[in-house]
Every structure is written in C-alpha cells, then in structure tokens.
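> can you look at this prediction? I've put the sequence above it.
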Amino acid sequence: MRPATLLLPHMALLLAVILLGLSFVGIRAIMMDQEAPASLGFLRYGIATLVLLPFLLHRRFIMPPLHIVIVIAALGVLQFGLFHLFVNTALEEIPASRGAVIFALIPILTMLIAAMAGRDTLNTIKLFAAILSFIGVAVAIGEKAFTEGSASTGWTGELLFFMAVCCGATYNAFASRLMQNRSVVLMTIIGMSAGTMAIFPFAFGEGLGGVIRGYNTEDWLWILYLAGPAAAFSLFLFNWGLQQLSPSQAAIYVPIAPIMAAAFGALILDEHLSSLFLLGLACAVSGPIILNWRRAV
C-alpha cells in the first residue's frame with residue numbers, strides 16, 4: 001500500500017476530532033440560551049441521519065446479519081444517546097474544562113476494554129501514548145478545570161462524565177471490527193438512528209416543540225453545523241478511520257478534540273487560554289505520532 005494511502009485514515013481521524021472540537025463551542029453557545037440537552041441531541045443526530053441517507057440510496061450495499069444490526073444499534077445508543085445525555089447533564093454540575101480532562105481518558109479506556117474483549121492488543125507503547133495525550137489535555141486546560149471556585153458540590157458531574165467516557169470507549173472498542181468489509185455509511189446510519197430514537201423520550205419530556213420554537217437564528221446555524229460537519233461528516237470520517245485502523249490507533253486522536261475546543265473557544269467566545277496551552281497541544285499530538293510511528297517506518 002502506498003504511503004499516501006496509509007496516511008488517509010489518520011488524516012480523516014484528525015479532521016474528525018477538529019470538527020468535533022468546534023462542536024463543543026456550538027453546544028456551549030446553544031446551551032446558554034436553552035438548557036435542553038436531550039432536545040439538542042435529538043435534533044443533531046436526527047438531522048445528521050437525514051443528511052447521510054442520500055449517500056446510502058445511491059450506492060449498493062449488503063445488509064449485515066440481524067445480530068450485527070442489533071449490536072451496532074446498541075453501540076449507537078451508547079455513543080449517540082447516553083453519551084450525549086451524560087455529558088450535557090454533567091456540564092450542569094462541573095466546568096466544561098474539567099469534563100474535557102475526563103474526556104481525555106477515552107484512549108486509555110478504549111485500549112483496556114478492547115484488550116479485555118480480545119479486540120486489540122495492549123502494550124507499553126500504546127499506554128505511554130495514551131497517558132501522554134491525557135497529560136497534554138490536563139496541561140492545556142487543567143488550569144481552568146481545577147481553579148478555585150470551579151469545584152462542584154459533589155461528585156455527580158464527574159461520575160456522569162466518566163460514564164459518558166465509558167460509553168464512548170466501548171463504542172470505539174467494538175465498532176472497529178463490526179465495520180470491517182461493510183458500508184461505513186450504513187453502519188453509521190444504523191447507530192445514529194438508534195441513538196436518536198433512544199434519546200427521543202428525554203427530548204419529549206423537555207418539551208421538544210417548545211425548545212425548537214425557542215431557538216433563534218444563531219442557534220439554528222450552530223445546529224446545522226452540529227448536524228452536518230460535526231456529526232454526519234465527522235462521524236463518518238471517524239468510523240471510516242475505525243474501519244481502517246485498530247481501536248487504539250483511532251481512539252488516540254480523541255484527546256485532541258477538547259484542546260481544539262479550547263482554541264476555538266478562545267477565538268470565537270473570547271475565552272482564556274492557559275499559558276501552557278501549546279505544551280499541552282504538543283503532548284496530545286505526540287500521542288498519535290508515537291503510537292503509529294513504528295507502523296510508518
């Protein structure tokens with residue numbers, strides 16, 4: 001395989017997490033107007049599913065066996081349903097920056113779950129790369145995450161965010177092999193549809209119709225970004241990267257997302273950046289390089 005071809009999955013994963021990073025800024029902007037996390041998740045992934053459908057209709061695909069559909073749907077409930085609920089509920093209790101540090105645990109948990117399930121191997125290099133990426137996030141945004149005045153009254157927020165991380169890590173660990181030799185668009189649609197349906201009762205309980213009517217023009221522009229580039233496109237890219245690489249190789253890119261969120265927050269929302277931001281970014285980027293370096297040489 002040519003070097004350029006080998007590089008494509010890594011470029012896809014990097015672009016996916018950059019788009020995801022900007023999505024955090026959009027979610028924060030919308031949640032400032034209306035605290036309706038389930039409704040936002042339902043709209044985001046519902047519209048994203050509709051965006052992907054035309055790409056499926058014009059391509060030939062083979063429907064996977066029923067048990068594969070059930071498993072990918074269950075993983076979709078974790079990734080596109082419960083993950084979204086846990087994260088946005090947790091952000092009512094803890095600062096987004098602290099949640100981002102917990103979010104950076106995804107590569108480590110992905111490696112552990114994948115290794116225990118026999119989906120990937122675990123070695124010192126992988127753990128070192130994952131820990132380095134985690135340290136990078138902690139260095140880049142830890143100053144805001146653990147400053148005085150940002151403490152929560154209990155551990156509910158941290159626990160919910162950790163549960164969300166477990167959902168994401170489980171998805172990464174198991175989805176990779178399920179997508180082998182199958183349509184990535186189809187598998188993404190199945191998972192996203194299941195997550196959207198799972199989150200609907202919560203959105204209905206929030207008063208979905210009233211929430212929709214309450215969004216202004218700026219909110220809808222962010223929703224369109226969240227559904228299109230930051231969901232349909234970025235999740236297709238991430239799932240394609242998962243299909244081409246191992247769970248560990250794909251998950252190691254995830255910690256770059258919260259660091260990019262901090263950078264976009266500084267540019268768009270005029271938020272403060274830590275003086276150690278560049279050092280943290282360098283550590284987070286070093287993780288994927290170290291993990292994949294031996295395969296590239």
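Received, thanks.
> who are the packing partners of the one helix or strand Gly195 maps to?
Here Gly195, judged by DSSP states H and E, is contained in helix 184-205. Identification of packing neighbours for helix 184-205 by 3 or more C-beta pairs under 8 Å, 6 or more residues apart in numbering; DSSP states H and E yields helix 37-57, helix 66-76, helix 83-90, helix 156-178, helix 234-244. Just so you know, the C-beta spots here come from the backbone N, C-alpha and C atoms, and that holds for glycine as well.
> list the buried residues for that helix?
Buried residues in helix 184-205, counted by 16 or more other C-beta atoms under 10 Å: 184-200, 202-203.
> next one: stretch 206-218
Buried residues in stretch 206-218 (16+ other C-beta under 10 Å): Glu206, Leu208, Val211, Ile212, Tyr215.
> out of the residues you listed, who's nearest Val25?
Tyr215 (16.6 Å; C-beta to C-beta).
> give me phi/psi at that closest one?
phi -70, psi 140 (degrees, to the nearest 10).
> tell me the contacts of it?
Ile30, Asp33, Gln34, Ile223 (C-beta atoms under 8 Å, 6 or more residues apart in numbering).
> which one (most neighbours) among the residues you listed?
Taking other C-beta atoms under 10 Å as the neighbour criterion, Ile30 ranks highest of the contacts of Tyr215 with 24 neighbours.
> any idea which element that residue lies in?
Here Ile30 sits within helix 3-33, counting by DSSP H and E.
> closest to Met163 among the contacts of Tyr215?
Ile30 (22.5 Å).
> on the pLDDT front, check that closest one for me.
For Ile30, the model assigns a pLDDT of 85.
> same thing with Arg295?
Reported pLDDT for Arg295: 51.
> same check on Ala145?
For Ala145, pLDDT reads 64.
> what do you get for Ser152?
51.
> can you verify my assumption that Leu208 contacts Phe42?
Yes. Counting by C-beta atoms under 8 Å, Phe42 is a contact partner of Leu208 at 6.8 Å.
> for the helices and strands packed on helix 184-205, which one sits closest to Met111?
helix 156-178 (8.3 Å).
> now the closest one: buried residues?
Within helix 156-178, the residues that count as buried by 16+ other C-beta under 10 Å are 157-158, 160-178.
> could I get the CA-only coordinates of it as CSV?
This file holds the C-alpha atoms of helix 156-178, laid out as CSV (Å, rounded to 0.1, in the frame of the first residue of the first chain):
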residue,chain,number,x,y,z
THR,A,156,-22.2,13.7,40.4
GLY,A,157,-20.9,15.7,37.5
GLU,A,158,-17.6,13.9,37.4
LEU,A,159,-19.3,10.5,37.6
LEU,A,160,-21.7,11.3,34.8
PHE,A,161,-18.8,12.4,32.6
PHE,A,162,-16.9,9.3,33.4
MET,A,163,-19.9,7.2,32.4
ALA,A,164,-20.0,9.1,29.1
VAL,A,165,-16.4,8.3,28.5
CYS,A,166,-17.1,4.6,29.2
CYS,A,167,-19.9,4.7,26.6
GLY,A,168,-17.5,6.3,24.0
ALA,A,169,-14.7,3.9,24.8
THR,A,170,-17.0,0.9,24.5
TYR,A,171,-18.2,2.1,21.1
ASN,A,172,-14.6,2.5,19.9
ALA,A,173,-13.5,-0.9,21.2
PHE,A,174,-16.3,-2.9,19.5
ALA,A,175,-17.3,-0.8,16.4
SER,A,176,-14.0,-1.2,14.7
ARG,A,177,-14.3,-4.9,13.9
LEU,A,178,-18.1,-4.7,13.2
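> pLDDT on that helix, on average?
Rounded mean pLDDT across helix 156-178 is 91.
> again, but for stretch 112-120
91.
> give me the buried positions along that stretch.
Counting neighbours by 16+ other C-beta under 10 Å, stretch 112-120 gives Leu112, Ile113, Ala114, Ala115, Arg119, Asp120 as buried.
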